[in-house]
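In: Coordinates for the following, if possible.
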Amino acid sequence: MKRHKRDKADRAFNKGYQIGLSGRSRDICPHQEPELRQSWLTGWREGRVDNWDGKTGISSLERMYNFTPASSANL
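Out: Numbers count the residues shown, from 1 in each chain. Purely as a prediction, here's the structure:
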């Protein structure tokens, strides 16, 4: 649990994913730091795609908790 609280990029991704999955706007991104904002927006985009694909509830949890900032930096 402590690691989850310390990793700000992972936490930003998860929060963005939740917002995107719920269908809310990306304009409500709370981050100004470029790295955290990028993580949040990446999560938001993936959440929106899953929302459009109908992945809600339990099926959305796998993506949210498998995100690692190091793996997304290589894309």
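
In: Please enumerate the helices of the chain.
Out: Assigned helices in the chain, in chain order: 2-6, 8-21, 34-53, 61-65, 69-73 (criterion: DSSP state H).

In: quick one, which of the ones you listed is packed in tightest?
Out: Of all the helices of the chain, helix 8-21 has the most neighbours on average by mean count of other C-beta atoms under 10 Å, namely a mean of 22. For glycine as for every other residue, the C-beta is placed from the backbone atoms N, C-alpha and C.

In: pLDDT of that helix, averaged?
Out: Here helix 8-21 scores 92 as its mean pLDDT.

In: now do stretch 52-63
Out: Rounded mean pLDDT across stretch 52-63 is 69.

In: For R45, give me its contacts.
Out: By C-beta atoms under 8 Å, 6 or more residues apart in numbering, R45 lies in contact with G20.

In: Return the per-residue confidence for it.
Out: For R45, the pLDDT comes out at 94.

In: got the helices of the chain as a markdown table, with distance to D27 columns?
Out: Formatted as a markdown table, the helices of the chain follow (distance: least, C-beta to C-beta, whole Å):
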| stretch | distance to D27 |
| --- | --- |
| helix 2-6 | 26 |
| helix 8-21 | 10 |
| helix 34-53 | 10 |
| helix 61-65 | 21 |
| helix 69-73 | 22 |
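
In: nearest spatial neighbour of I19, skipping sequence neighbours?
Out: Distances taken as C-beta to C-beta, 6 or more residues apart in numbering place W44 nearest to I19, at 5.7 Å, with adjacent residues excluded.

In: Next: F13.
Out: Using C-beta to C-beta, 6+ apart and skipping residues adjacent in sequence, the residue nearest F13 is G43, 3.8 Å away.
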